[in-house]
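[1] here you go, sequence then predicted model.
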Amino acid sequence: MEEGVVNEILQGPLRDVFDSKQLITDVSGSGNNWAVGHKMYGCRYQEHIVEKLRKAAEHCDCLQCFFIIHSMGGGTGSGLGTFLLRILEDEFPEVYRFVTSVYPSREDDVVTSPYNSVLAMKELSDHADCVLPIENESLFDIVSKINQMTNCGKLGSTVKQTSPITSSAGGIHHSHEKPFDTMNNIVANLLLNLTRLDQMFSDAFSKDHQLLQADPKHSLYLACALLVRGNVQISDLRRNIERLKPSLQFVSWNQEGWKTSLCSVPPVGHSHSLLALANNTCVKPTFIELKERFVRLYKKKAHLHHYLHIDGMEQSCFSEALSSLSDLIEEYNQLEAASCGPTVDPPRLKIAM
């Protein structure tokens, strides 16, 4: 939102990604305040946002999805980003809303990031069809392994390598990965042909190749989709699924919860790639840690006055957001508890003589 920040991006390596005619800026940003981005800038620029959305949509022959990338720790990404979701739901109710949310690291330098993130999560639960969560800490770990890239090049490479999610995910209906409306967080993982084919499938389920600080292989799967591009045979896909299935734990009522997609056209510059999309309880630790940080601030009423002086912002927004996050965590807890419980065999029929 801040002109200086936007201009810096437009002069950097990602300048060709954005259409300058579609930009909306203000003199200042949201000051790491969800209420400023959501309540103030959202209301102020709502008509301008709707106008630019409609102009962009007019060029689409078959509009299927809006794909939003935003941060959760700051004020503009969390506040205005989730306000945009409300607008999309009102103006284009039949079009899917996919969101990539970048969560702050545990050592984040924004003091109010727990407030902003939890307030934004409430909006994501209410208005997003699918959320692809990413953690800053995991991004740092990934790009730190690529020594030959400069700082800007690292960011550009990360964006370019994860951007195929927008085009690939459209081929599979998302309801299979999202069996419950509230548990709409999908763990995404894109791997290119940096290793042999079988290793690429194994890496997709390894904690060392995730965009979250999580271990999906030792967590509970609700469903999983594998989207493969390039010179890969359907037999390779089936063989690797059968090889990996014994090491993955699925919910009892969806043991065969796999979907696959195979496209023979390889990604640019690579012979093949694999995009894994998983609805997995491994996201729960991230949410628990975020809740704990939120509660530590909220118990002391720290920094609340910065939010409550914004028109339309009430303290009930905090309690409702915390309740929504607690309910989500409890749903994951119940799934894991049900999966770990003993399997009871049905009683045998008794035949009267």
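    Everything's here; your move.

[2] show me where the stretch 1-150 of the chain has helices.
    Remark: helices assigned in the stretch 1-150 of the chain by DSSP state H, counting those that start in this stretch are 3-10, 34-35, 42-44, 46-58, 81-91, 113-127, 136-144.

[3] tabulate those (TSV), appending mean neighbour count, distance to Glu320 and mean pLDDT.
    All C-beta atoms are positioned from the backbone trio N, CA, C, and that covers glycine. Converted to TSV, those look like this (neighbours: other C-beta atoms under 10 Å; distance: least, C-beta to C-beta, whole Å; pLDDT from 0 to 100):
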stretch	mean neighbour count	distance to Glu320	mean pLDDT
helix 3-10	13	30	87
helix 34-35	30	13	98
helix 42-44	15	17	95
helix 46-58	13	22	95
helix 81-91	19	14	97
helix 113-127	24	6	97
helix 136-144	16	26	84
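
[4] can you map out the strands along the protein?
    All strands of the chain, identified by DSSP state E, fall at 65-71, 96-103, 130-135, 187-192, 220-230, 249-250, 258-263, 272-280.

[5] pLDDT on the shortest one, on average?
    The reference is to strand 249-250. Mean per-residue pLDDT for strand 249-250: 95.

[6] cool, and the second one?
    Strand 96-103 carries an average pLDDT of 96.

[7] residues near Val27, how many?
    8 (other C-beta atoms under 10 Å).

[8] of all the helices of the stretch 1-150 of the chain, which one is nearest Val295?
    Closest approach to Val295 among the helices of the stretch 1-150 of the chain (C-beta to C-beta): helix 113-127, 8.5 Å.

[9] give me the helices and strands touching that closest one, please.
    When contacts are defined as 3 or more C-beta pairs under 8 Å, 6 or more residues apart in numbering; DSSP states H and E, helix 113-127 sits against helix 34-35, helix 81-91, strand 96-103, helix 284-299, helix 316-340.

[10] TSV for these, including distance to Val50?
    Shown next, in TSV, are these (distance: least, C-beta to C-beta, whole Å):
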stretch	distance to Val50
helix 34-35	21
helix 81-91	6
strand 96-103	15
helix 284-299	31
helix 316-340	24
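
[11] tell me the most buried of the ones you listed?
    Greatest average neighbour count among the helices and strands packed on helix 113-127 goes to helix 34-35 (a mean of 30), per mean count of other C-beta atoms under 10 Å.

[12] centre of the chain to that helix, how far?
    Centre-to-centre, helix 34-35 and its host chain are 20 Å apart (C-alpha atoms, centre = their mean, to the nearest Å).
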